[in-house]
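**Student:** okay, predicted coordinates and the sequence, questions at the end:
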Amino acid sequence: MQFLKTLLIVFTVGLAVAFAFNNWTNVDIRLWGGLIVGINIPLLMLLCFLLGLVPTWLWQRAIRWRLAQRLTASERTVADLRLAVATPAPVAAPVAIVPAADGDPLPPIPAEERRL
């Protein structure tokens with residue numbers, strides 16, 4: 001597969017060099033204010049290509065960075081939840097109910113804890 005990738009790159013570069021060699025002529029471009037710029041066709045093609053590629057590439061990198069940040073936050077949350085589930089909650093020691101002296105199995109409720 002690496003061979004095919006290399007072959008495709010070499011073929012594309014060869015076509016670009018052949019295009020640049022055969023079309024190395026100046027083209028006049030009229031700009032605002034009566035300015036006229038003489039530029040070679042291959043350079044103009046390269047500038048147009050980069051003008052379309054660079055913003056798209058920057059946008060794609062920003063999206064990938066944002067998605068990587070979201071994925072990292074999600075993985076951190078999952079790890080925290082797994083840790084919370086893996087550690088058992090502390091179990092309270094069993095409490096023995098001792099019947100009161102008058103035969104009532106429950107002790108009297110203190111006045112502070114009574115609710116009306």
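**Tutor:** All right, it came through fine.
**Student:** how close does the residue nearest in space to the middle of the chain get to I29?
**Tutor:** For the chain, the residue sitting closest to the mean C-alpha position, by Cα atoms, centre = their mean, is L67 at 1.8 Å. As judged by Cβ to Cβ, to the nearest Å, L67 and I29 stand 40 Å apart. From N, CA and C alone the C-beta is placed, and that goes for glycine too.
**Student:** list the contacts of G52.
**Tutor:** Counting by Cβ atoms under 8 Å, 6 or more residues apart in numbering, G52 makes contact with nothing.
**Student:** point out where this structure drops to low pLDDT.
**Tutor:** 89, 93-116 (pLDDT under 70).
**Student:** in it, which helix is the longest?
**Tutor:** Secondary structure of the chain per DSSP state H: the longest helix is helix 41-86.
**Student:** chain center to that helix, what's the gap?
**Tutor:** Distance, stretch centre to chain centre, for helix 41-86: 5 Å (Cα atoms, centre = their mean, to the nearest Å).
**Student:** can you give me the neighbour number for A79?
**Tutor:** 10 (other Cβ atoms under 10 Å).
**Student:** quick one: it from L43, how far?
**Tutor:** Distance from A79 to L43, by Cβ to Cβ: 52 Å.
**Student:** please report phi then psi for V37.
**Tutor:** phi -110, psi 130 (degrees, to the nearest 10).
**Student:** need the contact list for it.
**Tutor:** Taking Cβ under 8 Å, 6+ apart, we find V37 in contact with 28-29, 31.
**Student:** gap between it and N22?
**Tutor:** In terms of Cβ to Cβ, V37 sits 22 Å off from N22.
**Student:** just give the number of residues close to V10.
**Tutor:** Neighbours around V10, by other Cβ under 10 Å: 10.
**Student:** and it, how far from A20?
**Tutor:** 16 Å.
**Student:** most surrounded residue in the contacts of V37?
**Tutor:** Of the contacts of V37, with other Cβ under 10 Å as the count, I29 tops at 11 neighbours.
**Student:** now the helix or strand containing that one against helix 41-86, angle please.
**Tutor:** If you go by DSSP states H and E, I29 is part of strand 26-30. Angle, strand 26-30 to helix 41-86, by axes from the mean of the first three to the mean of the last three Cα atoms, to 10 degrees: 70 degrees.
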